[in-house]
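Peer 1: Predicted model follows, preceded by the sequence.
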Amino acid sequence: MVNPTFDEIPKAKLYLVVASTADAIAMVEGEAKEASEDEMIEAIVTAHKAMQPIVALQNQLVKKAGKAKQPIERKAIDKDLYYKVIDLSVDAMADAVNVKTKQARYKAVEAVKDSVKAQLIEQDASLAERQSEISAYLEEVQRSIVRTQIIEEGVRIDGRRLDEVRKITCEVGVLPRVHGSALFTRGETQSLATVTLGSKRDEQHIDDLTGDIYVPFMLHYNFPPFSVGEVKRIGSTGRRELGHGNLATRGVEPILPSKEDFNYTMRIVSEILESNGSSSMATVCASSLALMNAGVPVKSDVAGIAMGLIQEGDKIAILSDILGDEDHLGDMDFKVVGTEKGINALQMDIKIKGLSRKILEDALAQAHRGRMHILGEMRKAIRKPAAELSPYAPRIITTHINPDKIRDLIGPGGKMIRGITEQTGCAIDVEDSGKVTISSPDNAAAKRAMDIINGLTQEAQVGRIYYGTVRKIMDFGAFVEILPGTDGLVPISELDEDHVERVEDVVSEGDEIKVKCINIDRQGKIRLSRKQALLEEDDDLDD
């Protein structure tokens, strides 16, 4: 379905936003519910076909009303200078780009660049004013060496094979005081994820264009400067952090339990402690581990992998688990998040003009193998959710009351519900439907609050015995309060086994008597019997 409505999107198994030219896919962003690789490819191809009439219409508009494009003056390459840069740098740069660790590699590459500039300026002092041009040539040398090595030799910057994933280590419960935590490390990329569980009142309230939205699951991604070896001021959340967090959210959300099965608000915070490629995918893996450590009954575990592409003419190399440099110098950044059964989220940025279906199929197949490997490594740390929640996590108890009883629970000006909260220390939320949610880290306190609420809101049941207080005496019987705010009539004929002339002969106002509920009519009027309660008491004595 092309361009679905807002009502249709939630029902879909897969939802993608695709951008393309007439010839090639340029960008893909989307989510799914364990969709297969074949379903993803068909969706992307369908979107590309659907955009052809739109691109054709745009071209027609350009012909009728478009202005001539501004000419681009391409700066001519100084071939003599360019070849000098190559001669001075190529051997040293080849060694520098193959240094295994990120920071050491950066220093080695910078040292080569500084050395080449110094040598050139020593030969010709006028080149001191052309250092930016020399830097561009050096960047091209570096790019060419890395890409040629991958295409021709199948060897990557850190020595891995094209489809090889870096070493992975996983730990859970690294922060015992939080509700759930996990540390996921893949090469030089590391995410520390923490899970916090809360009640309904902790949901995020969003005043959206379509109305008020309450979000029970939040995933926040932080990328501090120290994670890439920088020292600078930490400001507000940037668009990069928001984008990475949103991608991870889309990948993790499908594995979460339903609200009926797990009535908690969940917040995950991913702190990136070190980054060298695909910290958003590390966030997905760390989040999955932390949720299981917290005891959240997730449907399955989930992992993410970032894929890359190098294309030179007809030669193509697809890379698994790309480094930051491979992303920067490559032709594609393709992130895939999924479970053992299928894909949950997808994000793809293309830097080249065309991407064939064959390349897309090969990339998704290789991503699937990488994802299965990562899931296998994660399962060495934890395979299923913890049996119990953290002792520091709130316990949530849910009950339903008659909506007509909500006013009795809340009390005038909220006095009653505030009193229960002060007495028990529990957080209590009441919905218009009559659903009552009690949350507290103290299980005994939650049960105490539940007992109080039941006492305030329970309703009479036919056949049940109650100990009530006589509130009012009439000629035809006595009104007895059997529950707080709930009374029923004991007719004079139901006061005693023998005939009763006057109600006052049997009971007085303020007496506590045992009665049985024998009927509740359509108007809710309750009919009680002291006689039947006494008869049942006699039967018990006989037994």
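Peer 2: Yep, that arrived. Numbering: from 1, shown residues only.
Peer 1: mind listing what residue 351 touches?
Peer 2: Listed by CB atoms under 8 Å, 6 or more residues apart in numbering, the contact set of residue 351 reads 330, 331, 332. For every residue, glycine as well, the C-beta is placed using N, CA and C.
Peer 1: The first one: neighbour count?
Peer 2: Spelled out, it's residue 330. The local packing of residue 330 (other CB atoms under 10 Å) involves 24 other residues.
Peer 1: Surely it touches residue 309?
Peer 2: Yes - in this structure, residue 330 is within contact of residue 309 by CB atoms under 8 Å, at 6.0 Å.
Peer 1: what touches both of these two?
Peer 2: Joint contacts of residue 330 and residue 309 (CB under 8 Å, 6+ apart) are residue 319.
Peer 1: re the thing from before, which ones among the contacts of residue 351 map onto strands?
Peer 2: residue 332 (DSSP state E).
Peer 1: and of the contacts of residue 351, the nearest to residue 513?
Peer 2: For the contacts of residue 351, the minimum distance to residue 513 (CB to CB) is 82.4 Å, reached by residue 332.
Peer 1: Now do that closest one against residue 117, distance only.
Peer 2: As for residue 332, its distance to residue 117 is 32 Å (criterion: CB to CB, to the nearest Å).
Peer 1: swap in residue 247?
Peer 2: 39 Å.
Peer 1: Can you get me a residue count around the closest residue to residue 411 other than its chain neighbours?
Peer 2: Once flanking residues are discounted, residue 411 sits nearest to residue 417: 6.4 Å by CB to CB, 6 or more residues apart in numbering. The burial count assigned to residue 417 is 20, neighbours taken as other CB under 10 Å.
Peer 1: Helices of the stretch 1-150 of the chain, start to end?
Peer 2: Here the stretch 1-150 of the chain has its helices, by DSSP state H, counting those that start in this stretch, at 37-65, 79-96, 102-123, 131-148.
Peer 1: Equivalent analysis for the stretch 351-500 of the chain, please.
Peer 2: Counting by DSSP H, counting those that start in this stretch, residue ranges of the helices within the stretch 351-500 of the chain are 357-378, 406-410, 415-424, 443-457.
Peer 1: Please identify which of the ones you listed is closest to residue 472.
Peer 2: Across these, closest to residue 472 is helix 406-410 (CB to CB), at 20.0 Å.
Peer 1: ok, and for the closest one, which residues are buried?
Peer 2: Under the neighbour-count criterion of 16 or more other CB atoms under 10 Å, helix 406-410 has 406, 408, 409, 410 buried.
Peer 1: Was I right to think the first one contacts residue 434?
Peer 2: Yes - with contact taken as CB under 8 Å, residue 406 and residue 434 are classed as touching, separated by 6.6 Å.
Peer 1: which secondary structure element contains residue 183?
Peer 2: strand 180-186 (DSSP states H and E).
Peer 1: and if you look at residue 170?
Peer 2: Per DSSP H and E: residue 170 is located in strand 168-172.
Peer 1: Okay, now the sheet partners of that strand, with direction.
Peer 2: Counting by DSSP bridges, the strands paired with strand 168-172 are strand 180-186 (antiparallel).
Peer 1: which residues sit against the partner strand?
Peer 2: 165-175, 190-195, 197, 274, 278, 282, 285-296, 321, 374, 378, 381-382, 386, 390.
Peer 1: Stretch 19-29 now?
Peer 2: Outside stretch 19-29, the residues touching it (CB under 8 Å, 6+ apart) are 16-18, 44, 47-48, 51-52, 55-56, 346-350, 352-355, 360.
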